[in-house]
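Q: could you look at this predicted model? Sequence included:
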Amino acid sequence: MGGNSFAAMKGGVVRPQALALAWFAVFALFMLTIASVAFFGRPSDGDPVAMLAMPAHPARHAQYAPKPVAQPAAPSTATATANPAETPLPPPVAPAAAGKPVLAGQSLVADPALIEQTPQGPLPRIAADGRMPLTTYAPPASTAKGPRIAIVVGDLGLSAKGTAAAIQNLPAGITLAFVPYENDVSRWVGEARRTGHEVLLEVPMEPYDFPDSDPGPHTLRAAVGEETNNERLVWSLTRFTGYAGITNFLGGRFLADADALEPVMTFVARRGLLFFDSGPQGHSVAPDIARRINAPYVQGGVTIDTIQSGMEIDARLSQLEQLARTNGWAAGTASASPVSLDRIANWAKGLSGRGFVLVPASAIVAPSK
């Protein structure tokens, strides 16, 4: 204890009565303060108060969050959509009835003689009279003289706006390739055939950076085995009719694996279909396999829109022309981006004046006999 305290204690004796009186005074003052706050409120009431809210831990509570309930989609129609700004769907293509062929305008979309009915859907086949989907579903090619050029515009069916723009704005000589995933893809295929376009089916195939780049369900993969790949291939082949052949949707790794690719190309050739290879030249083993099994095959030599600018696309189209002058033919690939569609449509307008002939992909190669 300090010295001051010791001196105070020596000064005298503290009386009990005085101590009790002091405690009573303190108690009375405390009760008076409580009564005053209850009646008048605190002086600080009404002043701004900052409160710190502690965020809930998302990982901890996510598993308990209610799952959204899926609402049934409204049925799509050819003339109306839920949002007026959306692209309206083309009319549905009527299924083949009583063994009769189905037309979209003047173009064939389904020929019962070229269809094997399976539990998965209509699978293309060579007809009993020898006709093949490759030749039967292909539009007539121009007979004009000159180097031939084919362009395949792909990734269609995923975006209604992009698909409609490709069908409406590109000349009929451009081949259109459709991904098999959307339920309304057969409507767009029918519209493409009605306007005179040749159609290919894009089969999802494994790229080098799978699964970072994932073509989606039913992807053909190098390591899964022939039986599994054939099942996945059949799923894609039965999504719609009217196509002259298939092409790859991604697929760099799959196209480089001969053991995985050859059974697929054999299956496709035996169904009377074209195999259009949009992979980079020099990396795909498809040309060697096609020669070995005598399969209808076309190699896409130029990817037109790797760089999405008008100047670069024009340069690739010029490269395609040079390749056609050298070889007598050339084939290129592109996406349905707005700049690609615009530049390809503009390029095609003056093509015949430069001595070239625009043809569907099936006109580049003769089918195997």
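A: Yep, that arrived.

Q: okay, now the sheet partners of the lengthiest strand in the chain, with direction.
A: The longest strand of the chain (DSSP state E) is strand 148-156. As defined by DSSP bridges, the strand partners of strand 148-156 come to strand 175-178 (parallel), strand 329-334 (parallel), strand 357-358 (parallel).

Q: so what's the residue count around the nearest residue to Glu86 once chain neighbours are set aside?
A: Among residues not flanking Glu86 along the chain, Ala160 sits closest, at 6.9 Å (CB to CB, 6 or more residues apart in numbering). Placement of C-beta: from N, CA and C, glycine included. As a burial measure, Ala160 scores 20 neighbours (other CB atoms under 10 Å).

Q: so what's Ala160 up against?
A: Applying CB atoms under 8 Å, 6 or more residues apart in numbering to Ala160 gives the contacts Glu86, Thr87, Leu89, Asp184, Trp188.

Q: what does Leu114 give?
A: Taking CB under 8 Å, 6+ apart, we find Leu114 in contact with Pro124, Arg125, Ile126, Ala127, Arg131, Met132, Pro133, Thr136, Tyr137, Gly272.

Q: ok, and the most crowded of the contacts of Ala160?
A: Among the contacts of Ala160, Trp188 has the most neighbours (other CB under 10 Å), with 24 neighbours.

Q: let me know the pLDDT of it.
A: On pLDDT, Trp188 comes in at 97.

Q: find the helix or strand that it is a member of.
A: For Trp188, the host element (DSSP states H and E) is helix 185-194.

Q: what packs against the next helix or strand after that helix?
A: From helix 185-194 onward toward the C-terminus, using DSSP H and E, the following helix or strand is strand 199-205. For strand 199-205, the packing partners by 3 or more CB pairs under 8 Å, 6 or more residues apart in numbering; DSSP states H and E come out as strand 148-156, strand 175-178, helix 185-194, helix 226-237, strand 245-250, helix 252-255.

Q: quick one: strand 199-205 to strand 148-156, angle?
A: Computed with axes from the mean of the first three to the mean of the last three CA atoms, to 10 degrees, the direction of strand 199-205 lies at 60 degrees from that of strand 148-156.

Q: now strand 199-205 - C-alpha only, PDB.
A: Provided in PDB are the C-alpha atoms of strand 199-205 (Å, rounded to 0.1, in the frame of the first residue of the first chain):
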ATOM      1  CA  VAL A 199     -26.100 -29.700 -93.700                       C
ATOM      2  CA  LEU A 200     -23.400 -31.500 -91.700                       C
ATOM      3  CA  LEU A 201     -23.700 -32.900 -88.200                       C
ATOM      4  CA  GLU A 202     -21.000 -31.700 -85.700                       C
ATOM      5  CA  VAL A 203     -20.000 -34.700 -83.600                       C
ATOM      6  CA  PRO A 204     -18.400 -33.700 -80.200                       C
ATOM      7  CA  MET A 205     -14.800 -35.100 -80.000                       C
END
